[in-house]
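Student: Predicted structure and sequence below. I'll ask about it afterward.
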Amino acid sequence: MKSATTAVIAAPARPFSEYAALLIAATTVILFLAAWFSA
C-alpha cells in the first residue's frame, strides 16, 4: 500500500513528454488494431 502511494506521488514528477509518447503509442496501437479487425 505504501509503494502504491509513493508511485502516485512520484508520477507527476515524470516528464510530460514521456506521458505524451506513451499516449501516442497507445493510440497508434488501438487505431491499428481497429483497422486490422475491421478489414
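Tutor: Looks like it came in fine.
Student: For the chain, which helix extends over the most residues?
Tutor: Scanning the chain for the longest helix, with DSSP state H as the assignment, gives helix 16-38.
Student: Lowest mean pLDDT among the helices and strands, pick that one out for this structure.
Tutor: Scoring the helices and strands of the chain by mean pLDDT, DSSP states H and E places helix 2-10 at the bottom, with a mean of 61.
Student: and residue 19, how many neighbours?
Tutor: Residues within reach of residue 19, counting by other CB atoms under 10 Å, total 12. C-beta here means a position set from N, CA and C on the backbone, and glycine is covered the same way.
Student: ok, now how distant is it from residue 35?
Tutor: Shown here: residue 19 relative to residue 35, a distance of 25 Å by CB to CB, to the nearest Å.
Student: For the longest helix of the chain, give the mean pLDDT please.
Tutor: Model confidence over helix 16-38, given as mean pLDDT, is 91.
Student: Any buried residues in it, and which?
Tutor: When neighbours are counted by 16 or more other CB atoms under 10 Å, no buried residue of helix 16-38 is found.
Student: list the helices and strands it packs on?
Tutor: Using 3 or more CB pairs under 8 Å, 6 or more residues apart in numbering; DSSP states H and E as the contact criterion, helix 16-38 has no neighbours among helices and strands.
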